[in-house]
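Chemist: Okay, structure incoming, though there's no sequence with it:
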Ligand SMILES: NC(=O)C[C@H](N)C(=O)O
């Protein structure tokens, strides 16, 4: 929804009532709403591109799916209400802190986060690295606004609540639920601009699926996450600046110089092929590396591993394994909150 208007205001979290103490055997699930197309609205029910993202509040989303009451005690909080291109570091920190606060409570069994799909994988991966609990956290979005014929949001939300309440979802890391599939935040990515089946996990596969009334798991993430992650944002008020630069023919080094001048502590390169940089990019990247900036070689290809090179560390370069550039940026920001040592950061990229 490129034409969609969004607001970037970071609103205050409005505390809502605690879910009823376990008077029934249903799980207590908290829905944290952030906006996106799942909260999108248009006056035309065939409009799937020009609608306003982040238009509806969390109570409207919950009230649209009363069926959730039979599978969970659901309550909601509006964290922000924006299109996901406007989710920034401030919102990430606020959302992660609130998620950790809620998960520490005995009366919360799981969290569902409603989110725009454009940058959903970045938020999900960030949470995957900083949530300090093995209780389920499920990030959900939709491709059609709530007002559209065959809107996909309500069923996605219902399924997300079901997954968040399933005992088998514990310890799986942060999950992404759209289109009946359960993806791992580490592996899932948006692959199509508008199609409903846009979230794919091409190389690593989905973790599971929701079919009928059942939640099925088939795989586990092999990467560190949540309770096995060393990253801790509880005392952070900001994250280090990490920018992404894209490789293309005839590029110049001035973008590297500009990023360093603007304060970048890390640069992720969406390299060509297996993380390649042109000679001119390499000059810019190596000059940045000499100033202590970490250069993370990812790829613009969309899938596959960027393999390590023996010359990386000497230039302050790391390779990003199978993390795409936008997820590599998330990990590099968190890595830089702990260390500037290139070898330690490479180890993070191997493990997370
Ligand atoms: N399908 C969506 O949610 C797209 C929307 N532009 C967003 O990311 O907020």
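Modeler: Yep, that arrived. The shown structure was predicted, so the numbers you read here are calculated from the model rather than taken from an experiment.

Chemist: Show me what residue of this protein gets nearest to the ligand.
Modeler: Here the residue of the chain nearest the ligand is residue 116; by Cβ to the nearest ligand atom that distance is 2.0 Å. Where C-beta positions appear, they are placed from N, C-alpha and C, glycine not excepted.

Chemist: Which positions within the longest helix belonging to the chain qualify as buried?
Modeler: Counting residues, the longest helix found in the chain (DSSP state H) is helix 89-103. Within helix 89-103, the residues that qualify as buried by neighbour count (16 or more other Cβ atoms under 10 Å) are 89, 91-100, 102-103.

Chemist: which residues in the stretch 51-200 of the chain form strands?
Modeler: Per DSSP state E, counting those that start in this stretch, the stretch 51-200 of the chain carries strands over the ranges 73-82, 110-114, 137-140, 175-178, 181-184, 189-190, 199-200.

Chemist: near the ligand, which residues of this protein?
Modeler: 1, 4, 36, 37, 53, 83, 84, 116, 117, 118, 141, 143 (Cβ under 6 Å from any ligand atom).

Chemist: If we only consider these, which is nearest to residue 245?
Modeler: residue 118 (19.8 Å; Cβ to Cβ).

Chemist: Now do the same contact list for the residue nearest to the closest one when sequence neighbours are not counted.
Modeler: Setting aside the residues directly before and after it, residue 118 is nearest to residue 84 in space (Cβ to Cβ, 6 or more residues apart in numbering), at 4.5 Å. Residues in contact with residue 84, defined by Cβ atoms under 8 Å, 6 or more residues apart in numbering, are 34, 35, 36, 53, 115, 116, 117, 118, 119, 120, 123, 141.

Chemist: residue contacts, the nearest residue to the second one once chain neighbours are set aside?
Modeler: This points to residue 35. For residue 35, ignoring the flanking residues on the chain, the nearest one in space by Cβ to Cβ, 6+ apart is residue 54 at 2.9 Å. Contact analysis of residue 54 by Cβ under 8 Å, 6+ apart lists 6, 7, 34, 35, 36, 39, 40, 80, 81, 82, 83, 116.

Chemist: Let me have the residues you listed in CSV, adding distance to residue 280 and pLDDT as columns.
Modeler: Listed next are these as CSV, based on distance: Cβ to Cβ, whole Å; pLDDT from 0 to 100:
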residue, distance to residue 280, pLDDT
6, 36, 42
7, 39, 41
34, 39, 98
35, 39, 98
36, 38, 98
39, 43, 98
40, 41, 97
80, 39, 98
81, 42, 98
82, 36, 98
83, 35, 98
116, 35, 98
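
Chemist: Filter those residues down to the ones in helices?
Modeler: Using DSSP H, none of those sit in helices.

Chemist: Farthest pair within the residues you listed?
Modeler: Among the contacts of residue 54, 40 and 80 lie farthest apart (Cβ to Cβ), at 14.6 Å.

Chemist: Neighbour count: these two, which is higher?
Modeler: Taking residue 40 and residue 80 together and counting by other Cβ atoms under 10 Å, residue 40 has the greater number of neighbours (29 against 24).

Chemist: The more buried one touches residue 141, doesn't it?
Modeler: No. Residue 40 is beyond contact range of residue 141, at 10.0 Å (criterion: Cβ atoms under 8 Å).

Chemist: re the thing from before, derive a ChimeraX selection command for the buried subset of the residues of the chain next to the ligand.
Modeler: Entered in ChimeraX, the line below selects the buried ones among these, by 16+ other Cβ under 10 Å:
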select :1,4,36,37,53,83,84,116,117,118,141,143
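
Chemist: of the residues of the chain next to the ligand, closest to residue 130?
Modeler: Closest to residue 130, out of all of those and judged by Cβ to Cβ, is residue 84, at 18.1 Å.

Chemist: could you measure the closest one against residue 115, distance?
Modeler: 6 Å (Cβ to Cβ, to the nearest Å).

Chemist: Phi first, then psi, for residue 29.
Modeler: phi -120, psi 130 (degrees, to the nearest 10).

Chemist: Look up the residues forming beta bridges with it.
Modeler: Residue 29 forms beta bridges with residue 74, residue 110, as assigned by DSSP bridges.
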